[in-house]
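Visitor: Would you be able to build a 3D model of this:
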Amino acid sequence: MRRNTFTHLGAAGVNLETGSQGSQVVGNRFEDISSTGIQVGGTMKVDHHPDDPRQIVKNNTVSNNRVARVAVEHADTVGIFIGYTTHTTVAHNEVFDLPYTGISVGWGWGLFDAGGNSTYPGNLGLPVYDTPTTSRDNQIRDNRIFDVMKTLRDGGGIYALSAQPGTQISGNYIDRVHDGFGGLYPDEGSAYQEWTDNVVQDVPAWLHIWTPSIHDLVVADNYTNEPFMRNNGTNITMKNNTVVQNGEWPARACRIAANSGLEPDYADLLSPSDAAPELCPSGA
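Guide: Next up is the predicted model:
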């Protein structure tokens, strides 16, 4: 689906449910929606451990969409939600003015990963699987996310849950997380992901890894003007992350920010009042 407007809706704008494969959500406007703007994949057993491979949500693309002022009535929903999916690409979207998280990927707090999450208080009575979920090889890249977490707290610019082998969160520009726990927030059970080449500005913490159940992540080559962060995870590789002083952003950070958000062919989706932030107005 391309070049549509989704507005004044009482539920999600677009929902790609169980078995959705090879779909494209490209170049649309989402605004004034009660719940999530775009949802790909669900959170039930049929999603994380399907009996039939045709039920897997895979090979879907969400790109160059403008998602603004959604979650109007259900403030705990998000701009773009990715549940249990394989090879979902979320790229070059503009996500802003939200009460809660901008982009969320993964689900389950590690409870349905192979071996489960024995430290999570909600695990009693749940089945323990010996096989991984369908969450893997997702790409969350080159998105521009700003003015989020305006109402609620336990969220961030980009939020993740559970093991997602091969998943990469890269090239995103996050600006003005008003409350919340972090610009980059891998939560319970997040594992086997790479968080690289992101630019994070004006946030409570640029990174929030708060518990040992978060493990085997690579966090590298990110840029921020906020020195505060948490890393209480297990086997977290941290390297070449830069804290910028006095607004002197390196040229590479400027390029990442300039490349984020809508690509030129979709710039007309932005309204004059959207005020997308520029990290380096001089074009450094």
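Visitor: tell me what the longest strand along the chain is packed against?
Guide: In the chain, taking DSSP state E as the definition, the longest strand is strand 163-170. Packing contacts for strand 163-170, counted by 3 or more Cβ pairs under 8 Å, 6 or more residues apart in numbering; DSSP states H and E, involve strand 103-105, strand 139-141, strand 156-160, strand 191-196. C-beta here means a position set from N, CA and C on the backbone, and glycine is covered the same way.
Visitor: hey, which of the ones you listed is tucked in deepest?
Guide: Highest mean neighbour count among those (mean count of other Cβ atoms under 10 Å): strand 156-160, with a mean of 29.
Visitor: That one versus strand 163-170: what angle between them?
Guide: Using axes from the mean of the first three to the mean of the last three Cα atoms, to 10 degrees, the inter-axis angle of strand 156-160 relative to strand 163-170 is 150 degrees.
Visitor: So what are the sheet partners of strand 156-160 and their directions?
Guide: Partners of strand 156-160 in the sheet, by DSSP bridges, are strand 103-105 (parallel), strand 182-186 (parallel).
Visitor: okay if I get those strands as JSON lines plus mean pLDDT and distance to residue 227?
Guide: Listed next are the strands paired with strand 156-160 as JSON lines, based on pLDDT from 0 to 100; distance: least, Cβ to Cβ, whole Å:
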{"stretch": "strand 103-105", "mean pLDDT": "98", "distance to residue 227": "24"}
{"stretch": "strand 182-186", "mean pLDDT": "97", "distance to residue 227": "12"}
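Visitor: Would you mind pulling the contact partners of the strand or helix carrying residue 252?
Guide: Element membership for residue 252 (DSSP states H and E) is helix 251-259. With Cβ atoms under 8 Å, 6 or more residues apart in numbering as the test, helix 251-259 has contacts from 142, 144, 171, 173, 197-199, 223, 242, 244, 249, 278-280, 283-284.
Visitor: ok, so what distance separates the residue sitting nearest the centre point of the chain from residue 191?
Guide: Nearest to the mean C-alpha position of the chain, counting by Cα atoms, centre = their mean, stands residue 103 at 3.1 Å. Separation of residue 103 from residue 191 (Cβ to Cβ, to the nearest Å) stands at 18 Å.
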